[in-house]
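Student: Structure for this input, please:
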Amino acid sequence: MTRKAGSSTTARGQTGRYDDQLAAFRNAQRRLLDRYGVAAESRFVDVPAIGGQAHVLVAGGGAPLVLVIGGTIPAALWAPLMAQLPGRKLYAMDLPGFGLTDPVGYDPRTYKETATAFLAGVLDRLGLDRCQFVTNSMGSLWSLWLAQRSARVAAQVMIGCPAMFLDTSAPAPMRLGSIPWLGRRLLTMRSPSPRQVEHVMAMVGEQARGIEEIRDTLLACERMPTYVDSMLGMMRSVMSWTRVRRGVATGPEQLRAIQHPVQVIWGEKDPFGTVQTGRRIAELVPASRFAVVPGGHAPWFHHADQIATITREFLAAHVPPA
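Tutor: Alright, predicted model coming up:
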């Protein structure tokens, strides 16, 4: 299904400005995909859980592989890794309120249900049942929640510290976003700019140098009208300033209960969690492998070839039955 992106209620009230922001994001996304030679089409699917449409980048051909990015960033940032995964049909989705997916009112009381229903709804509309997943950060948490409620996750590669696993959390500047009045004030005081985005990338352990297309796509995402409310809503739903919210954290008991095979790939300088924590996560998951790679929370930005090799080998060893 295709549509004119930006059909959400938020967008309709700001037509002229939104059209400019939408065009800027689309252009940045296209330049990023083109840089890595990823021939992806944009597909929009109706998802009842958000009362709107989800945007999915679809590329390649072969067995399906679902890519779920971390919170607050668009799926196009998978481009360096997508280019290294030939022979698979890739489905990379924007989470609600980010990129080109319509927003949802994130609420701590319903956050987990929204996350799982969103993923299930996207898979339903794409005609996908039991699939392999590649995930990052919040995408890893959402996909685990989906696996806890269904058998749709056949195998999972978690890249970067999974959100809220064990004692992990976000860096302090991101945790400030969970404080209602302060988070909004901080975001409005510092307007999105190339320098601001470079600061955000450095905060998560990555460098913008040499990958201006990633920086520009992040910048265009932050300038979309749905970004601020979505970012603040997501942060408030998963944490307070001092702790992860009850029902969100994934502890040892939940990790031991994971039934699908998991490959954990950890950036050695990931500020969300230490390598030691990553090893402990992998030790608790019954069928798991662990690898440390250079980089931070999104290590495929600069080390996609190394990560793709680990990913391909793991997924080839855990092909779901036809």
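Student: quick one: the residue positioned nearest the centre of the chain from residue 291, how far?
Tutor: By Cα atoms, centre = their mean, the chain has its centre lying nearest to residue 69, at 1.8 Å. Going from residue 69 to residue 291 by Cβ to Cβ, to the nearest Å gives 20 Å. In short, each C-beta sits where N, CA and C put it, glycine included.
Student: which residues does the residue nearest to the centre of the chain contact?
Tutor: Contacts of residue 69 were listed using Cβ atoms under 8 Å, 6 or more residues apart in numbering, and they are 75, 77, 78, 92, 93, 94, 95, 136, 137, 139.
Student: Quick check, pLDDT for the closest residue to residue 262 other than its chain neighbours.
Tutor: Counting by Cβ to Cβ, 6 or more residues apart in numbering, residue 262 lies nearest to residue 288, which is 4.5 Å off, once chain neighbours are set aside. For residue 288, the pLDDT comes out at 97.
Student: contacting residues around residue 288?
Tutor: Residue 288 touches 258, 261, 262, 263, 264, 281, 282, counting by Cβ under 8 Å, 6+ apart.
Student: Among the contacts of residue 69, which are located in strands?
Tutor: Among the contacts of residue 69, the ones falling in strands (DSSP state E) are 92, 93, 136.
Student: got JSON lines for the contacts of residue 69, with distance to residue 103 too?
Tutor: Formatted as JSON lines, the contacts of residue 69 follow (distance: Cβ to Cβ, whole Å):
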{"residue": "75", "distance to residue 103": "15"}
{"residue": "77", "distance to residue 103": "19"}
{"residue": "78", "distance to residue 103": "21"}
{"residue": "92", "distance to residue 103": "19"}
{"residue": "93", "distance to residue 103": "14"}
{"residue": "94", "distance to residue 103": "11"}
{"residue": "95", "distance to residue 103": "10"}
{"residue": "136", "distance to residue 103": "20"}
{"residue": "137", "distance to residue 103": "19"}
{"residue": "139", "distance to residue 103": "17"}
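Student: Quick check: of those residues, which lies closest to residue 146?
Tutor: Nearest to residue 146 among the contacts of residue 69: residue 139, at 10.5 Å, using Cβ to Cβ.
Student: That closest one: neighbour count?
Tutor: 30 (other Cβ atoms under 10 Å).
Student: quick one: contacts for it?
Tutor: 67, 68, 69, 70, 71, 95.
Student: helices or strands up against the helix or strand that contains residue 229?
Tutor: Assessed by DSSP states H and E, residue 229 sits inside helix 227-238. In terms of contacts (3 or more Cβ pairs under 8 Å, 6 or more residues apart in numbering; DSSP states H and E), helix 227-238 is packed against helix 180-189.
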